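Asker: Show me the folded form of this:
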Amino acid sequence: MTKSTMKFSITILGVSLVAFPLASAQIADLPSKDRAKLNDQAGQLFEALVPAIAKVSHGMVEVRVWRKRVGFGTVVEVEKVLAKWSEVRRDVRSLTCRSGDGTMLPATVVGIYRDADLAVLKVKGLQAKPLALNHENTLKLGSFLALARPDSEAAAMGVVSVLPRNLRETDRAFLGILMDLEFAGPGVKIRQVRPDTGAEVSGLMGGDVILKVKDRPVNGSFELSAFLQRLKPGEKITISYRRGKVKKETEVELGGRPVSSRIPYSRMERMNNMGGHRYSDVKEGFRDVIQSDMQIDPEDCGAPVVDLQGRLVGIAVARAGRIKTFIIPTVSIRNLLTSEPAKLRVGELAGRAQPVEREANNDPEGPFDVMRRKMEEMQRLMQEIEEMEK
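Answerer: Numbering: from 1, shown residues only. Take a look at the predicted model:
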């Protein structure tokens with residue numbers, strides 16, 4: 001993410017008047033008048049979100065293990081809740097759900113959608129009204145999103161940063177090139193072509209500059225990668241490229257992504273852990289997710305996500321990076337529910353009884369606390385970006 005994109009995100013969040021001073025000062029160091037302005041803008045923003053959040057907050061619950069919150073749950077049918085499986089499996093014998101009116105009810109895992117890391121909970125006596133799963137995906141890059149919580153306030157805010165894509169390695173298309181990340185464009189420069197790949201067979205070579213894929217201009221490595229992730233192995237695409245001063249065109253049959261092409265897990269973890277943030281235990285391998293820059297906690301997974309009109313666009317399923325949250329779209333949730341979930345395996349019923357960091361009686365952050373925390377995190381990220389660009 002560039003500095004200009006970061007500032008744009010801050011502007012969307014309604015704090016453009018104080019965005020630029022943050023490039024050189026922490027929130028706490030701002031003059032009192034700027035802090036007051038930030039608080040006022042934060043309050044206005046959260047108040048504006050209340051009507052949208054209220055349309056879904058009645059259809060969600062807190063999910064607890066030994067009375068400690070491990071996530072949220074979205075009510076999809078009468079007495080049926082979807083929650084993040086990798087969180088509730090800590091001890092399935094002690095599961096409870098707390099509705100918005102404070103009612104605490106026992107919950108039972110009756111099935112699992114493992115590819116989505118979602119558990120189906122049966123909550124007898126739950127009066128929460130199921131949420132309608134009839135919203136078709138009309139999101140665009142930059143669409144504003146908010147994560148709901150039962151008290152009708154926003155737990156997090158952000159924008160759509162990547163449209164729906166498949167994260168399963170075996171389902172991902174593989175072109176077979178290494179990109180020159182220092183190339184300034186336009187286009188994407190090939191640093192190296194991997195042997196025995198579609199790129200090599202098609203005649204692409206190191207030094208070529210890819211200009212278009214399927215008649216769509218590409219202007220950077222991130223854009224090309226995001227586009228390829230929406231394609232499937234075996235699909236044939238037309239690539240327009242430049243070799244020296246000559247423009248050419250070739251057809252490439254995409255292959256499957258080999259294991260050797262993945263970024264080492266330990267390296268990814270070091271990158272993600274910069275800044276001391278916490279991430280979900282299961283944060284990859286989903287078949288269909290929207291990516292957002294909203295910064296949530298692992299315990300926020302399972303909550304409904306809405307657009308500015310309060311329409312349910314999906315369920316938050318993972319905090320996967322500093323500015324990477326994955327959301328399973330509503331249409332995918334609807335499709336999941338038409339299939340039979342898997343049963344618990346031997347040993348899963350006993351649970352794992354792992355420690356949970358957040359206490360059940362901890363009060364959720366207020367809107368001003370959330371906004372300050374988000375701005376401080378943005379400030380740290382901007383400083384990191386400035387260091388990387390030197």
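
Asker: alpha carbons only for contacts and neighbour counts from here, please
Answerer: Will do.

Asker: what about this structure, any weak spots by pLDDT?
Answerer: In the predicted model of the chain, residues 1-30, 41-43, 169-171, 258-276, 346-390 satisfy pLDDT under 70.

Asker: Which elements pack onto the longest helix anywhere in it?
Answerer: Looking across the chain with DSSP state H, the single longest helix is helix 32-57. Contacts defined by 3 or more C-alpha pairs under 8 Å, 6 or more residues apart in numbering; DSSP states H and E place helix 32-57 against strand 144-148, strand 154-165, strand 304-306, helix 367-388.

Asker: quick one: the helix or strand following it to chain centroid distance?
Answerer: Note on helix 32-57: by DSSP states H and E, the next helix or strand toward the C-terminus is strand 60-65. Taking C-alpha atoms, centre = their mean, to the nearest Å, one finds strand 60-65 lying 20 Å from the centre of the chain it belongs to.

Asker: so how far is Asp40 from Asp34?
Answerer: Distance from Asp34 to Asp40, counting by C-alpha to C-alpha, to the nearest Å: 10 Å.

Asker: no no, Leu312
Answerer: From Leu312 across to Asp40, the span is 28 Å (C-alpha to C-alpha).

Asker: Wasn't Phe72 part of a helix?
Answerer: No. Counting by DSSP: H, G, I helix; E, B strand; the rest coil, Phe72 falls outside a helix, being strand.

Asker: For burial, what's the neighbour tally of it?
Answerer: 31 (other C-alpha atoms under 10 Å).

Asker: And Leu126, by the same measure?
Answerer: Neighbours of Leu126 (other C-alpha under 10 Å): 21.

Asker: and if you look at Lys140?
Answerer: 12.

Asker: Tell me if I'm right that it and Val159 touch.
Answerer: No. Judged on C-alpha atoms under 8 Å, Lys140 makes no contact with Val159 at a distance of 9.3 Å.

Asker: residues in contact with Ser143?
Answerer: 159-160, 307 (C-alpha atoms under 8 Å, 6 or more residues apart in numbering).

Asker: mind putting these in TSV, distance to Val188 and neighbour count included?
Answerer: As requested, those are arranged in TSV below (distance: C-alpha to C-alpha, whole Å; neighbours: other C-alpha atoms under 10 Å):
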residue	distance to Val188	neighbour count
Val159	25	21
Val160	23	21
Asp307	33	20
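
Asker: Would you mind putting those residues into CSV with distance to Asp293 alongside?
Answerer: Below are these laid out as CSV (distance: C-alpha to C-alpha, whole Å):
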residue, distance to Asp293
Val159, 6
Val160, 7
Asp307, 14
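
Asker: so which of those residues comes closest to Gly255?
Answerer: Val160 (27.9 Å; C-alpha to C-alpha).

Asker: ok, now how distant is that closest one from Phe326?
Answerer: Counting by C-alpha to C-alpha - Val160 and Phe326 are separated by 10 Å.

Asker: How about Arg69?
Answerer: 20 Å.

Asker: again with Asp196
Answerer: Relative to Phe326, Asp196 is positioned 33 Å away (C-alpha to C-alpha).

Asker: These two: which has the busier surroundings?
Answerer: A count of neighbours by other C-alpha under 10 Å puts Phe326 above the other of Asp196 and Phe326, at 27 against 10.

Asker: Toward the C-terminus, what is the element adjacent to the strand or helix carrying Ser86?
Answerer: Assigning secondary structure by DSSP H and E places Ser86 in helix 85-88. Following helix 85-88 in sequence order, the next helix or strand is strand 95-98 (DSSP H and E).

Asker: Give the other helices and strands that that next one contacts.
Answerer: Contact analysis of strand 95-98 by 3+ C-alpha pairs under 8 Å, 6+ apart lists strand 60-65, strand 104-106 as its packing neighbours.

Asker: that older thread, which neighbours do Val160 and Phe326 share?
Answerer: 290-292.

Asker: show me where the stretch 251-390 of the chain has helices.
Answerer: 265-272, 330-337, 367-388 (DSSP state H, counting those that start in this stretch).

Asker: What count of nearby residues applies to the closest residue to Glu87 other than its chain neighbours?
Answerer: Using C-alpha to C-alpha, 6 or more residues apart in numbering and skipping residues adjacent in sequence, the residue nearest Glu87 is Val70, 6.0 Å away. Residues near Val70, counting by other C-alpha under 10 Å, number 29.

Asker: Val70 reaches Ser86, doesn't it?
Answerer: No. Using C-alpha under 8 Å, Val70 is not in contact with Ser86, being 9.8 Å away.

Asker: Excluding sequence neighbours, find me the nearest residue to Lys236.
Answerer: Closest residue to Lys236 apart from its sequence neighbours, by C-alpha to C-alpha, 6+ apart: Glu253 at 4.3 Å.

Asker: scratch that, Asp180 is what I was asking about
Answerer: Nearest-residue entry for Asp180: Arg191, 5.0 Å, with adjacent residues in sequence omitted and distances by C-alpha to C-alpha, 6+ apart.

Asker: again with Lys214
Answerer: Closest residue in space to Lys214, ignoring its immediate chain neighbours: Thr238 at 5.1 Å, by C-alpha to C-alpha, 6+ apart.

Asker: Am I right that that neighbour is in a strand?
Answerer: Yes. Thr238 forms part of a strand when assessed by three-state DSSP.
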